[in-house]
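[1] here is my input; please provide its structure:
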Amino acid sequence: MAWDPFTDSFVTPSRTAPGGAEPQRTAPPDGEAAARSAPTVSALGSCAGPDGSGGTLPGPPGPAAGLPAPAPAPPSSGTRRPGERGAPDEARGAREGDTGGPEKAAGEPHRRWARGSHRPARGASAAARQSGRDPFLDNARFLLVLLVVLEHNWAPVADAMRGVEAASLLVYSFHLPALALLCGHLSRNFTGRPDQMRRLLTHLLVPYLVFEAAFGGMRTLFWEQPFAVTPTRPSFVCWFLLALFVWRLTAPLWRAVRWPVAFAALLSVAAGFTDLGDELALSRLLMYWPWFVLGLRLRADRLRPLRNRAARRWALPVLAAAAAGAWWAAPRVSRDWLLMEAGAHELGLRPLPYVGVRLALFVLGGVLVAAFLALVPARRTGYTVLGACALYPFLLHGLVVEAVRQTGGYQVVVTGGLLAVVGTTVLAVGLTMLLGLPQVRQVLWPLVEPSFPGWLHGRAAPEAGDTAAPDGRLPRVRAPQGGSGRWPADGRAVAPRSAGTPVPGRTANGG
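    Below is the predicted model of the structure:
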């Protein structure tokens, strides 16, 4: 599956599991051979993201980090040919939950399937099943992107119908905070390594510029405006790519700050007293920042209590009460409070009431985010694979919504009443699933998740013990062969962990 900014976990190889044998050390492989053998691995990220991402270890990334390498299929195809380096071992039937815990992961061999009981897995779902990804995170990612699509289809008709406006208020109160929190949780291992920086460029910055140009073309097509690309003023959904780019860049900084969540919340509230305008979507970038930082601080074990039955029992009453409150607030409360674009002056509040309301919204958002995550299935579902490629529907649906808006389609929905809104909702769900299909990804992956050109790869900084070539140039440093080793302090490569032996307590998408 494809790498996505929403979900790449930036997982780095871990130390040997307790009780396991010390890995054999080998010399670094030939540079060109290592580049050819490096596997192409996806983690939605691009929804397969912007990229998705505790403790971390320094060094080049392992297979879960997705080293860029030439591949015969597009990076989002979700399949590998049998025999390719890094392809899942179908004969062993490796899958998440088949390791038997830390003891088996440390050295116990995999249990063979009974004869005739295992069929070869095929397609994107097979890749997800054998990659050790956490289906809970993929499910949450898909459902949050689905809520984004639904909200953008409800917004044009919300002012005409109280029920739609109440649903819009309810969704806005938690879906973007939850998405930012999830992106932060999956960015815990981001340290700014060169490979991680290249992925930020190719899977966040490049799609941002591409879709800014696409929205500029739509303005020319529907509004007859001169074609122009305005990267300093993000269009529609593109602001989230820009915000995630900045959030990820500063992830190492928040690990060096004491009380980072409180500091980010203070920064968010203070942004409401400044006139930031529309430049770089700074208001939303700053006001949603605490949720990303909170995700950075959340370890995987902090999310596990939300996956049990007791959590689901209280989640439904909480969301039902929130829906009733949204119905009451629909004609009385402005959505500007939840859009995070207006400050205290635009909302007409004095500083003290504004701070009180913002803090109350933090608390309300935290409760609703927890309730939403408690209702997310922790098992594999029919849409789990789509959650691993969520960046496609997230970006592409904006073009569809803008086209329908400019052609007057939502005026027809208002005229049609509640039945037309229900039909629009069903179409929005279908659109979200359609834009995540492999056929769409195979065509559009160069625009959404392009590869970083090999000739642009930089050279590593010289270290003690490096010897220069006769022409005075230092050798290029490449990843260990197979892409799954790590570099210790002495510069020698540690042999990669054998296939089918996942790190205890860690999955490919950061769970």
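[2] can you count the residues close to Trp259?
    Other residues within reach of Trp259 by the criterion other CB atoms under 10 Å amount to 10. To be clear about C-beta, it is placed using only N, CA and C from the backbone, and glycine gets the same treatment.
[3] tell me the contacts of it?
    Residues in contact with Trp259 (CB atoms under 8 Å, 6 or more residues apart in numbering): none are found.
[4] quickly note the distance from it to Gly272.
    20 Å (CB to CB, to the nearest Å).
[5] check Pro177 too.
    With distances defined as CB to CB, the gap from Pro177 to Gly272 amounts to 16 Å.
[6] who has more neighbours, these two?
    More crowded of Pro177 and Gly272, by other CB under 10 Å: Pro177, with 26 against 23.
[7] confirm that one sits in a helix?
    Yes: note on Pro177: a helix contains this position according to DSSP: H, G, I helix; E, B strand; the rest coil.
[8] in the stretch 401-511 of the chain, where is pLDDT below threshold?
    Within the stretch 401-511 of the chain, the ranges that satisfy pLDDT under 70 run 459-511.
[9] alpha carbons only: can I get stretch 270-288 in CSV?
    Included here for stretch 270-288 are C-alpha records, laid out as CSV according to Å, rounded to 0.1, in the frame of the first residue of the first chain:
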residue,chain,number,x,y,z
ALA,A,270,-2.7,33.3,22.1
ALA,A,271,-3.2,33.0,18.4
GLY,A,272,-6.8,34.1,18.9
PHE,A,273,-5.5,37.6,19.9
THR,A,274,-3.4,38.2,16.8
ASP,A,275,-4.4,39.2,13.3
LEU,A,276,-2.9,36.4,11.2
GLY,A,277,-5.0,36.8,8.1
ASP,A,278,-5.2,34.0,5.5
GLU,A,279,-1.4,33.7,5.0
LEU,A,280,-0.3,30.1,5.2
ALA,A,281,-3.4,29.2,7.1
LEU,A,282,-1.6,30.2,10.3
SER,A,283,-4.7,30.6,12.4
ARG,A,284,-5.8,27.0,11.9
LEU,A,285,-2.2,25.7,12.0
LEU,A,286,-1.7,27.3,15.4
MET,A,287,-5.1,26.6,16.9
TYR,A,288,-5.1,22.9,16.0
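[10] hmm, who's touching that stretch?
    By CB under 8 Å, 6+ apart, the residues outside stretch 270-288 that reach it are 176-177, 180, 232-234, 239, 242-243, 246-247, 267-268, 339-345, 351, 354, 358.
[11] show me those that map onto helices.
    Per DSSP state H, helices hold the following members of those: 176-177, 180, 239, 242-243, 246-247, 267-268, 339, 344-345, 351, 354, 358.
[12] of those residues, closest to Val413?
    Val413 lies nearest to Leu339 out of the ones in helices among the contacts of stretch 270-288, by CB to CB, at 21.3 Å.
[13] please give the number of neighbouring residues around the closest one.
    There are 14 residues near Leu339, going by other CB under 10 Å.
[14] how about it: what's its closest non-neighbour residue?
    Using CB to CB, 6 or more residues apart in numbering and skipping the chain neighbours, the partner closest in space to Leu339 is Tyr172 (7.0 Å).
[15] what helix or strand does Pro138 sit in?
    Just to correct that, residue 138 is Asp rather than Pro. Assignment of secondary structure by DSSP states H and E places Asp138 within helix 135-158.
[16] name all residues that make contact with Ala264.
    Trp254, Trp289, Pro290, Phe292, Val293, Leu294.
[17] any idea of the mean pLDDT in the host helix or strand of it?
    Ala264 belongs to helix 260-271 when elements are defined using DSSP H and E. This predicted structure assigns helix 260-271 an average pLDDT of 95.
[18] returning to that earlier point: now, which of the ones in helices among the contacts of stretch 270-288 sits nearest Ala330?
    Relative to Ala330, the closest of the ones in helices among the contacts of stretch 270-288 is Leu339; by CB to CB it sits at 15.0 Å.
[19] on that earlier part again, quick check: next helix or strand after the helix holding Asp138?
    Taking DSSP H and E as the definition, the helix or strand right after helix 135-158 is helix 162-172.
[20] for that following helix, packing partners?
    Applying 3 or more CB pairs under 8 Å, 6 or more residues apart in numbering; DSSP states H and E, one finds that helix 162-172 contacts helix 135-158, helix 309-329, helix 336-339.
[21] so the first one versus helix 162-172, what angle?
    The reference is to helix 135-158. In this structure, helix 135-158 runs at an angle of 140 degrees to helix 162-172, with axes from the mean of the first three to the mean of the last three CA atoms, to 10 degrees as the basis.
[22] just the C-alphas of helix 135-158, formatted as CSV.
    As requested, C-alpha coordinates have been extracted for helix 135-158 and formatted as CSV (Å, rounded to 0.1, in the frame of the first residue of the first chain):
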residue,chain,number,x,y,z
PRO,A,135,-6.2,-2.2,11.9
PHE,A,136,-7.5,0.1,14.6
LEU,A,137,-5.4,3.0,13.3
ASP,A,138,-6.3,2.3,9.7
ASN,A,139,-10.0,2.1,10.6
ALA,A,140,-9.8,5.4,12.5
ARG,A,141,-8.0,7.1,9.6
PHE,A,142,-10.6,6.0,7.0
LEU,A,143,-13.5,7.1,9.2
LEU,A,144,-12.0,10.5,9.9
VAL,A,145,-11.4,11.2,6.2
LEU,A,146,-15.0,10.0,5.6
LEU,A,147,-16.2,12.6,8.1
VAL,A,148,-14.1,15.3,6.3
VAL,A,149,-15.9,14.4,3.0
LEU,A,150,-19.3,14.3,4.6
GLU,A,151,-18.7,17.7,6.3
HIS,A,152,-17.7,19.3,3.1
ASN,A,153,-20.9,18.0,1.4
TRP,A,154,-23.1,19.2,4.3
ALA,A,155,-21.6,22.7,4.7
PRO,A,156,-23.2,24.2,1.5
VAL,A,157,-26.7,23.3,2.7
ALA,A,158,-26.2,23.6,6.5
